[in-house]
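S.K.: Quick one, what's the 3D model for this:
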Amino acid sequence: MFRKNKTNIAVIGATGFTGLDLIYLLSKHSKIQIVNLCATKNLGKKISFFDKRIKKKLPRISSINKIDWSNIDLVFLSLPSGGAQKIIKKYFYKFDHLKFIDLSADFRITNHKKYIETYKINHKAKDLIKYSIYSISEFNKNNIKNYRIISNPGCYPTSIQLPLIPLIKKNLIKFNNITIDSKSGYSGAGKNLEKKFKHKNLYNSTYAYSTKNHRHIVEIDQEFLKLAKKKVLFTFNPHLIPTFRGILTTIYLDINKKTSLKKIRDELIKYYKDSPFIKIHKLNTEIGSGNVINTNNCEISVCQTRIKNKIIIFSAIDNLIKGASGQAIQNMNLLYNFSETDGLK
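M.R.: Coordinates of the predicted model:
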């Protein structure tokens with residue numbers, strides 16, 4: 001039943017890695033009520049069958065057809081790319097109170113032709129892109145409320161943009177010859193991991209892939225161009241590592257001659273002074289993903305190298321939380337004027 005003091009939620013794509021983390025976090029949120037948990041398989045099963053962490057009594061898995069859309073305020077869509085756009089297209093105009101947080105790539109790319117080129121899927125809701133916002137939470141605290149479709153960024157782009165966007169805004173770094181090296185736990189590839197990656201010793205090895213055309217490059221290019229007003233030249237190489245979750249991104253870049261290591265760190269501290277999930281370490285701090293696992297935090301460390309005016313910035317997040325479900329909830333909190341940390345402490 002609808003409760004006036006709660007925001008009614010449906011989660012579509014409930015049983016994937018991201019969906020389960022999303023439900024686990026939402027189950028502890030004080031301001032929402034989970035009304036529907038939807039999937040295409042395992043209908044009728046309890047969500048605790050898939051994730052023993054979820055202790056709260058929640059609706060059983062059902063199909064989308066069971067949703068009473070007039071009773072839902074917000075839908076989380078945790079689906080493969082191509083799935084969310086069809087659902088949003090179907091219900092966006094029918095229920096003008098309804099809001100959507102899409103964890104896929106369907107609304108990340110503002111140019112639908114580039115989306116088609118990158119994801120090899122036709123965009124069936126390109127008329128709705130103008131009603132969507134690409135939202136890394138820390139960059140959209142004020143204007144997110146103006147949109148009904150919230151596009152959650154990719155996990156790699158989140159780990160890359162959080163340290164770089166403030167520096168691009170202040171023109172503190174050179175916009176060419178940037179090298180980005182990211183290592184992610186294999187959960188980032190989803191439950192169909194073994195279909196996507198065929199290399200030997202999959203769960204016990206480190207594997208580099210998509211050196212030239214990783215699909216996240218398009219959204220990073222798009223967001224950098226908005227701020228720099230010119231092409232930011234970077235190479236990006238992702239790796240899968242033999243751990244379940246977590247991303248460590250290493251960014252090699254040149255700083256302007258009048259910019260110091262301290263100035264870079266000071267700018268990041270200033271930019272994120274009101275951001276509870278961002279931690280800027282002391283200069284030259286060695287970091288890994290260990291501290292951020294199972295949190296919505298991002299840890300950043302600025303380090304010097306042997307080469308003058310070349311620095312390294314490390315960025316660590318949990319790919320399933322800050323890189324997906326946690327950021328989706330953070331976006332929801334901003335959208336509804338909840339405490340930004342609600343459900344994420």
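S.K.: So residue 323 sits against residue 160, correct?
M.R.: No: with contacts counted by CB atoms under 8 Å, residue 323 stays clear of residue 160, the gap being 10.8 Å. In short, each C-beta sits where N, CA and C put it, glycine included.
S.K.: Residue 342 in helix, strand or coil?
M.R.: Three-state assignment for residue 342 (DSSP: H, G, I helix; E, B strand; the rest coil): coil.
S.K.: Could you chop the chain up by domain?
M.R.: 7-153+323-335, 156-319 (automatic domain parsing).
S.K.: Need those in JSON lines (columns: mean pLDDT, distance to residue 345 and mean neighbour count).
M.R.: Shown next, in JSON lines, are these (pLDDT from 0 to 100; distance: least, CB to CB, whole Å; neighbours: other CB atoms under 10 Å):
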{"stretch": "domain 7-153+323-335", "mean pLDDT": "96", "distance to residue 345": "9", "mean neighbour count": "19"}
{"stretch": "domain 156-319", "mean pLDDT": "91", "distance to residue 345": "9", "mean neighbour count": "17"}
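S.K.: Of all those, which one comes closest to residue 342?
M.R.: domain 7-153+323-335 (5.4 Å; CB to CB).
S.K.: measure the closest one end to end?
M.R.: 11 Å (CA to CA, to the nearest Å).
S.K.: ok, now stretch 92-101?
M.R.: End-to-end distance (CA to CA), stretch 92-101: 12 Å.
S.K.: same check, this time on stretch 6-15
M.R.: 24 Å.
S.K.: What lies in contact with that stretch?
M.R.: Stretch 6-15 is contacted by residues 2, 19-20, 22-23, 26, 31-39, 41-42, 47, 50, 61, 64, 67, 71-79, 83-84, 87, 103, 336 when judged by CB atoms under 8 Å, 6 or more residues apart in numbering.
S.K.: Could you list which of these belong to strands?
M.R.: For the contacts of stretch 6-15, the ones inside strands are 32, 33, 34, 35, 36, 37, 38, 61, 74, 75, 76, 77, with DSSP state E as the criterion.
S.K.: can you redo these as a markdown table with distance to residue 285?
M.R.: A markdown table is the format used below for the ones in strands among the contacts of stretch 6-15 (distance: CB to CB, whole Å):
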| residue | distance to residue 285 |
| --- | --- |
| 32 | 36 |
| 33 | 41 |
| 34 | 39 |
| 35 | 44 |
| 36 | 44 |
| 37 | 41 |
| 38 | 43 |
| 61 | 44 |
| 74 | 38 |
| 75 | 40 |
| 76 | 35 |
| 77 | 37 |
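S.K.: Give me the distance from stretch 318-335 to the chain's centre.
M.R.: In terms of CA atoms, centre = their mean, to the nearest Å, the centre of stretch 318-335 is found 6 Å from the chain centre.
S.K.: Stretch 246-262 now?
M.R.: With CA atoms, centre = their mean, you get 22 Å for stretch 246-262.
S.K.: and that stretch, C-alpha only, in PDB?
M.R.: This file holds the C-alpha atoms of stretch 246-262, laid out as PDB (Å, rounded to 0.1, in the frame of the first residue of the first chain):
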ATOM      1  CA  GLY A 246      36.800  -2.700  -6.400                       C
ATOM      2  CA  ILE A 247      38.500  -0.300  -8.900                       C
ATOM      3  CA  LEU A 248      41.900   1.300  -8.700                       C
ATOM      4  CA  THR A 249      42.500   3.900 -11.400                       C
ATOM      5  CA  THR A 250      46.000   5.300 -12.000                       C
ATOM      6  CA  ILE A 251      46.100   8.600 -14.000                       C
ATOM      7  CA  TYR A 252      49.500   9.900 -15.400                       C
ATOM      8  CA  LEU A 253      49.300  13.500 -16.500                       C
ATOM      9  CA  ASP A 254      51.400  16.700 -17.000                       C
ATOM     10  CA  ILE A 255      50.700  19.800 -14.900                       C
ATOM     11  CA  ASN A 256      51.200  23.300 -16.000                       C
ATOM     12  CA  LYS A 257      54.500  24.900 -15.000                       C
ATOM     13  CA  LYS A 258      52.900  27.300 -12.500                       C
ATOM     14  CA  THR A 259      51.000  24.400 -10.900                       C
ATOM     15  CA  SER A 260      52.500  22.500  -7.900                       C
ATOM     16  CA  LEU A 261      51.600  19.100  -6.400                       C
ATOM     17  CA  LYS A 262      50.200  20.900  -3.400                       C
END
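S.K.: could you measure residue 8 against residue 88, distance?
M.R.: As judged by CB to CB, to the nearest Å, residue 8 and residue 88 stand 17 Å apart.
S.K.: for the stretch 51-200 of the chain, what spans make up the strands?
M.R.: 61-62, 74-77, 99-102, 132-134, 149-151, 178-185 (DSSP state E, counting those that start in this stretch).
S.K.: Residue 224: which of those is closest?
M.R.: Using CB to CB, the nearest of the strands of the stretch 51-200 of the chain to residue 224 is strand 178-185, at 9.4 Å.
S.K.: Can you list the strands that that closest one pairs with?
M.R.: strand 234-241 (parallel), strand 247-254 (antiparallel) (DSSP bridges).
S.K.: out of those strands, nearest to residue 124?
M.R.: Closest among the strands paired with strand 178-185, using CB to CB: strand 234-241, at 28.1 Å.
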